[in-house]
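> let's see this in three dimensions:
(one chain, ligands or ions: 1)
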Amino acid sequence: MPENKKELIIIAGVAKNNVIGSKNQLPWHIKEDLKRFKELTFGNPVIMGRNTYESILQALGKPLPGRKNIVITSNANYQTNPETLIAHSLQEAIQKAYESSDKAFIIGGQQIYQQAMPLADKLEITHIHRSFKGDASFPEIKGEDWLETKREEKKGENLDFSFSTYKKRPQSLKVNKNGIFIAFEGIDGCGKSTQIRNLVEHIFNKSKYNHIILTRNPYKNMNIRDILHQDSDPYSQAEKLADLFIIDRKQMAEEMVIPNLEKGHFVLSDRYKLSTIAYQTAQGLNMQQLIDKQNSLPDPDIVFIVDISPEEAIRRMKKEDISIRGKEHKFEASIDFIRKLRENYLKAKEMLKDRKIFIINGERTREEITEEICKIFDMEI
Ligand SMILES: NC(=O)c1ccc[n+]([C@@H]2O[C@H](COP(=O)([O-])OP(=O)(O)OC[C@H]3O[C@@H](n4cnc5c(N)ncnc54)[C@H](OP(=O)(O)O)[C@@H]3O)[C@@H](O)[C@H]2O)c1
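The predicted structure is shown next:
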């Protein structure tokens, strides 16, 4: 979260059939949920509609302790506890909350949740795995607007439930898909494979319900590997490689990327468009043409370029077992070529200013690199 950014969080308990209340009361009593509600909201302003406020007064005999209570009512003469703030619209309530805090919680009920959904940044939902009769319900949590980033299953005495966190999807990620597409780029030896594995673990740890699909370039076309092994001249067969890579990538987009994004999965690719842009430009082709040729392919939501110096790349490659890597170093055997590659990656980032491309310094410990990547992922997604 960028500095000074205010955060509006909706917190609610929601039954399987979306019911949240009955006769101005909660239809269930779950101790662990009340404990979590207190832990999350304590010390922060809580915003609620008049009905919810009055049901709290009825249950506790006072407003929620340890939190600034802000109640919304249309009644200009509303009288209550002197410590409770009164607002006459949701916007006024949020403004009052932000006067003393960077974070505010919307705690209900139906009318206020409905109005706050478009404004909220995050949802903390206790999903109760049973339907209840009631007269108040929670609005639909649409997959195109919200990404579930964490889910914890719980077994209650008579009721099973789960704690879920949802984050608002950035607007740019909403086009026709529910999933998140991330590409890793960089010179061979930059350590991107390790970082992909670590990011997979990070995403999976957020929720075991996150489906993560891994893919790579080249995808299926074995001819590409043959060409890469045919000779060790880094400048040969530029046009042919560019064409084959782009056709192969189209197939990958159709078979793997798009269907999985439509299902709401995470797709992580080891190399993607930028590889062709960096490598085949280094071979002598035109960068803008390589960008244009790939315009019809879906763009990743985030690209990480793991950046190392040409000297470090050569040093790492020398250390590797050449019997495993074989001649795959067609492109990486010459330091001049690697220098061009690195320049091209950085230049492509400049040319594609509207994309989320992050240069990650790959000359640090694995842990430091992973920490930075996960931090960016958490901020962006
Ligand atoms: N499961 C959960 O997590 C959870 C959490 C909270 C509440 N609940 C349940 O939700 C139910 C209450 O929901 P509800 O929809 O009946 O009531 P509510 O949202 O708590 O309060 C509605 C009242 O807020 C005021 N209000 C709403 N929008 C306003 C606006 N734009 N400007 C000015 N005033 C505005 C109005 O008060 P005036 O009439 O005074 O103008 C309105 O009658 C209860 O059953 C409660 O138990 C459940």
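
> got the contact list for the residue in the stretch 201-350 of the chain positioned nearest to the ligand?
Nearest residue of the stretch 201-350 of the chain to the ligand (C-beta to the nearest ligand atom) works out as residue 207 at 20.9 Å. The way it works is simple: take the backbone N, C-alpha and C, and place the C-beta from them, glycine included. Neighbouring residues of residue 207 by C-beta atoms under 8 Å, 6 or more residues apart in numbering: 148, 149, 150, 151, 164.

> phi, psi of the third one?
When read as degrees, to the nearest 10, the backbone of residue 150 gives phi -160, psi 140.

> and what of the last one?
Its backbone dihedrals place residue 164 at phi -120, psi 140, with angles given as degrees, to the nearest 10.

> that one contacts residue 154, correct?
No: the criterion here is C-beta atoms under 8 Å, and residue 164 misses it with residue 154 at 10.9 Å.

> looking at these two, which one has more neighbours?
Using other C-beta atoms under 10 Å, the more surrounded residue of residue 164 and residue 154 is residue 164, with 21 against 16.

> which residues touch that one?
Counting by C-beta under 8 Å, 6+ apart, residue 164 touches 123, 124, 125, 126, 127, 148, 150, 151, 152, 207.

> hmm, 7 Å instead?
125, 127, 148, 150, 151 (C-beta atoms under 7 Å, 6 or more residues apart in numbering).

> which strand or helix spans the second one?
When elements are defined using DSSP states H and E, residue 127 is found to belong to strand 122-128.

> which residues are contacting that strand?
For strand 122-128, using C-beta under 7 Å, 6+ apart, the contacting residues are 7, 9-16, 28, 33, 40, 141, 146, 159, 161-167.

> narrow those residues to those in helices?
33, 40 (DSSP state H).

> just the buried ones from the contacts of strand 122-128?
By neighbour count, with 16 or more other C-beta atoms under 10 Å, those hold 9-15, 28, 33, 141, 146, 159, 161-167 as buried.

> between which two of the contacts of residue 164 is the distance greatest?
127 and 150 (12.3 Å; C-beta to C-beta).

> neighbour count winner among those two?
Taking other C-beta under 10 Å, residue 127 and residue 150 do not tie; residue 127 has more neighbours (19 against 16).

> not counting sequence-adjacent ones, nearest residue to that one?
residue 162 (5.0 Å; C-beta to C-beta, 6 or more residues apart in numbering).

> now residue 237
In space, residue 237 is closest to residue 227, 5.7 Å off (C-beta to C-beta, 6+ apart).

> now the helix or strand that contains that neighbour, how far from the centre of its chain.
Taking DSSP H and E as the criterion, residue 227 maps to helix 222-230. Centroid displacement of helix 222-230 relative to its chain, using C-alpha atoms, centre = their mean, to the nearest Å, is 35 Å.

> the ligand contacts on this protein?
Within the chain, the positions lying close to the ligand (C-beta under 6 Å from any ligand atom) are 12-13, 20-22, 24-26, 48-52, 55, 72-75, 88-90, 107-112, 115, 136.

> pull out the buried members of those.
12-13, 20-21, 26, 48-52, 55, 72-73, 90, 107-110, 112, 115, 136.

> among those residues, which are located in helices?
50, 51, 52, 55, 90, 110, 112, 115.

> out of these, which is nearest to residue 258?
Of all these, residue 258 sits closest to residue 115, with 35.1 Å by C-beta to C-beta.

> can you pull the contacts of the nearest residue to that closest one once chain neighbours are set aside?
Spatial nearest neighbour of residue 115, chain neighbours left out: residue 90 (4.9 Å); criterion: C-beta to C-beta, 6+ apart. By C-beta under 7 Å, 6+ apart, residue 90 lies in contact with 72, 112, 115, 116.

> what pLDDT is listed against the third one?
Think residue 115. Turning to residue 115, the model gives it a pLDDT of 96.

> one more: the first one?
In this prediction, residue 72 carries a pLDDT score of 98.
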